[in-house]
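K.L.:
Need a 3D model of the sequence below.
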Amino acid sequence: MQVLRQKLLPLQRLFDQASHTARPLVLLLFRLWVANVFFKSGLTKLEDWDTTLLLFSNDYHVPLLPPALAAVMGTFGETVFSSLLVAGLFGRFAAAGLFVVNLMAVISYPDLTDITRQFHYYWAMLLLTLFAFGPGCLSLDAAWRSWRGKPRLPA
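P.N.:
Numbering: from 1, shown residues only. Sure, this is the predicted structure:
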């Protein structure tokens with residue numbers, strides 16, 4: 001068993017190094033992917049505000065908020081948090097904000113199909129990953145920490 005372990009050790013090191021090297025690119029890909037979805041949705045709402053208000057009044061049932069306020073908050077969240085996420089600025093905050101926007105979409109729109117609900121779950125997992133690990137070293141957060149001379153956070 002010891003011999004097998006010694007033979008596999010270089011392979012394990014190779015995988016560990018590849019994983020460490022790929023992590024910033026994976027986090028960047030997650031940020032760009034999920035931000036694109038939410039930003040496009042926010043732009044769609046902005047393009048036809050009257051329709052957006054109508055949808056929030058009739059179809060989306062956001063708890064505890066008046067429809068107009070829910071529309072403004074949802075559109076703001078989709079556009080601003082996704083922009084922050086792309087830049088990796090306040091990355092964990094942006095991921096948490098989009099997670100809440102995503103959660104509200106699932107809660108407030110009862111006509112989601114099983115397939116569209118699965119998309120929301122997928123986006124939630126990506127956002128939770130970004131919240132847990134941060135935006136990575138290819139971000140403005142990392143550049144700011146480096147400029148300030150603070151130690152780099154893991155991931």
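K.L.:
From residue 80, how far off is the residue lying closest to residue 79 once chain neighbours are set aside?
P.N.:
If the residues on either side of it in the chain are set aside, residue 79 comes closest to residue 42, at 3.7 Å by CB to CB, 6 or more residues apart in numbering. Placement of C-beta: from N, CA and C, glycine included. According to CB to CB, to the nearest Å, residue 42 stands 8 Å off from residue 80.
K.L.:
neighbour count winner among those two?
P.N.:
Neighbour comparison, residue 42 and residue 80: the larger count goes to residue 42, with 22 against 16 (by other CB atoms under 10 Å).
K.L.:
which secondary structure elements does the helix or strand harbouring the more buried one contact?
P.N.:
Taking DSSP states H and E as the definition, one finds residue 42 inside helix 2-47. For helix 2-47, the elements it packs on are helix 67-76, helix 82-87, helix 91-108, helix 114-133, judged by 3 or more CB pairs under 8 Å, 6 or more residues apart in numbering; DSSP states H and E.
K.L.:
can you give me the angle the last one makes with helix 2-47?
P.N.:
To tie it back to what came earlier, the one meant is helix 114-133. Counting by axes from the mean of the first three to the mean of the last three CA atoms, to 10 degrees, helix 114-133 points 110 degrees away from the direction of helix 2-47.
K.L.:
And the third one, by the same measure?
P.N.:
What separates the directions of helix 91-108 and helix 2-47 is an angle of 70 degrees, with the same axes, to 10 degrees.
K.L.:
ok, and what's touching helix 91-108?
P.N.:
Identification of contacts with helix 91-108 by CB atoms under 8 Å, 6 or more residues apart in numbering yields 31, 34-35, 38, 60-63, 70, 74, 77-78, 80-82, 84-85, 112, 117, 120, 123-124, 127-128, 130-131, 134-136, 139, 141.
K.L.:
Could I get the buried residue list for that helix?
P.N.:
When burial is assessed from 16 or more other CB atoms under 10 Å, helix 91-108 yields the following buried residues: 91-92, 94-99, 101-102, 104-105, 108.
K.L.:
Quick check: chain neighbours aside, which residue is closest to the spatially most central residue of the chain?
P.N.:
Centroid check for the chain by CA atoms, centre = their mean gives residue 127 as the closest residue, at 3.4 Å. When the adjacent residues along the chain are set aside, residue 127 lies closest to residue 99, with 4.4 Å between them (CB to CB, 6+ apart).
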